[in-house]
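**Q** no sequence for this one, just the structure:
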């Protein structure tokens, strides 16, 4: 891909990622990951201090799929709506066909009464690979600024 | 237009749209619509369930213009500032020269004491047409997550 | 630069600007400014009414550097995290090698308990110059909607 095409593809991957969560199509959302994908949510303080403790860690796609299944059982009624705003998207050159992809996000949640609130802000530090002309996520590392939210892990971020 | 030029034009249309609302240039904002433009605000729940009820529906540009006039009379003093953040912008290929254009938005309002708050989050699902080298909005469908706000319709979203 | 390359360079400058603040690398953040750079924070009302009063004004890079030094002394402990979302980025053609660069921003702050809140929304109205293939900021004018925040100037916006 040309640099411009790669940039657009990276932005589109982020947009698809968000849209599939926001529209509650989590099974389609899984399709954006490679089979060996890591999905990890980590508080910012831990990341900055190189502490390994995660809030959520899946080390392959089957684990992510299991997580989606358990969310489907736990959230029998969808009690909120998610809305992602993703900005400050940047590509980092990588080695071995792996690209770094970073972005800032804000997720807003709205309850069934239509009241919206800031739910989580943070940063994505991802790794992506080109496969068959498309980009897939091989690592999704989510550095969350916000971690005082009891329902933090009710949906993917 | 090339795909890249079209993408930039679509982003610029969204940016102009937001800027003309945020800077209270609603008469200039009207210029972004075609004569037969539909402007519709709909709660997300209604959209998801295919319920037709809208919070605001104008079926041509004259109706949008009337709405701006009535806002001008109602808001004799501009009691707040708007600020749009629009992200996750995506083009959908369409037929007959019509393009789909989607984006997520967050609108923040600030009162005269300088206190800012989240006002509305949601999604644009628009249709645009090329006319004279520029893109114009032929349909502005605003799916609002937030609908518990009494002053929701005091300005366009 | 081609229009596309310039657009990407402008976006990247905004992203770098935000990232260096958010990751508390304020000394590296200084490198994004020209030696004669103006850094100015102004309430929106003053800007709209052409009133000159600023909340923060540095008229060259040494003054910005002094400000960073005093922030380093004042904030012995970093009591919060910043997170910028920058969107609606637009380039304005300028004269004499100076380009206008505008964008909307939202800054979210998170305290040490992991509670995030909207801190400031507003608009950048910058001037940038190309120097050695990169863009540098010669004027950073920040029009803040939000000005009721006591700790407003504890970090750059």
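**A** That came through, no problem. Every value quoted in this text rests on a predicted model; they were computed, and no experiment measured them.

**Q** what is the orientation angle of the lengthiest helix in chain A with helix C:3-22?
**A** With secondary structure taken from DSSP state H, chain A has its longest helix at helix A:3-22. Interaxial angle of helix A:3-22 relative to helix C:3-22 (axes from the mean of the first three to the mean of the last three CA atoms, to 10 degrees): 60 degrees.

**Q** what does helix A:3-22 contact?
**A** The contact list for helix A:3-22 (CB atoms under 8 Å, 6 or more residues apart in numbering or on different chains) reads A:1, A:26, A:28-29, A:32, A:81-84, A:86, A:89, A:91, A:99, A:101, A:103, A:105, A:124, A:128, A:134-135, A:137, A:155-157, B:3-4, B:7, B:88-90, B:104, B:123, C:4, C:8. Yep, even glycine has a C-beta here, placed from its N, CA and C like the rest.

**Q** name the residues of it that come out as buried.
**A** A:4, A:7, A:9-22 (16 or more other CB atoms under 10 Å in any protein chain shown).

**Q** hmm, back to that, filter the contacts of helix A:3-22 to the buried ones?
**A** Neighbour-count burial (16+ other CB under 10 Å) is assigned, among the contacts of helix A:3-22, to A:26, A:29, A:32, A:81-84, A:86, A:89, A:91, A:99, A:101, A:103, A:105, A:124, A:128, A:135, A:137, A:155-157, B:4, B:7, B:88-90, B:104, B:123, C:4.

**Q** all helices of chain A, in order?
**A** Using DSSP H, helices in chain A cover A:3-22, A:26-30, A:44-48, A:61-74.

**Q** list the contacts for the residue at the greatest distance from the centre of chain A?
**A** For chain A, the largest distance from the centre (CA atoms, centre = their mean) belongs to residue A:113, which lies 26.3 Å off. Contacts for residue A:113 (CB under 8 Å, 6+ apart) come out as residue B:148.

**Q** measure the residue nearest to the spatial centre of chain A to residue A:137 for me?
**A** In chain A, the residue lying closest to the centroid (CA atoms, centre = their mean) is residue A:157, at 5.0 Å. Residue A:157 sits 13 Å away from residue A:137, taking CB to CB, to the nearest Å as the criterion.

**Q** got JSON lines for the helices of chain A, with mean pLDDT too?
**A** As requested, the helices of chain A are exported to JSON lines (pLDDT from 0 to 100):
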{"stretch": "helix A:3-22", "mean pLDDT": "96"}
{"stretch": "helix A:26-30", "mean pLDDT": "97"}
{"stretch": "helix A:44-48", "mean pLDDT": "92"}
{"stretch": "helix A:61-74", "mean pLDDT": "91"}
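
**Q** reformat the ones you listed as TSV; add distance to residue B:42.
**A** Below are those laid out as TSV (distance: least, CB to CB, whole Å):
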stretch	distance to residue B:42
helix A:3-22	16
helix A:26-30	23
helix A:44-48	37
helix A:61-74	27
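
**Q** of the ones you listed, which is nearest residue C:68?
**A** Among the helices of chain A, the nearest to residue C:68 by CB to CB is helix A:44-48 (19.7 Å).

**Q** for that closest one, which positions count as buried?
**A** So helix A:44-48, judged by 16+ other CB under 10 Å, has buried residues A:44, A:45, A:46, A:47.

**Q** for stretch A:112-122, same thing?
**A** So, applying 16+ other CB under 10 Å, buried residues of stretch A:112-122: A:114, A:116, A:118, A:119, A:120, A:121, A:122.

**Q** between the buried residues of helix A:44-48, which is nearest chain C?
**A** Comparing the buried residues of helix A:44-48 against chain C with CB to the nearest CB places residue A:44 closest, at 6.0 Å.

**Q** ok, the closest one touching residue A:120?
**A** No - look at residue A:44 against residue A:120 with CB atoms under 8 Å: they stay out of range, at 11.3 Å.

**Q** and for the two, which residues touch both?
**A** A:144, A:145.
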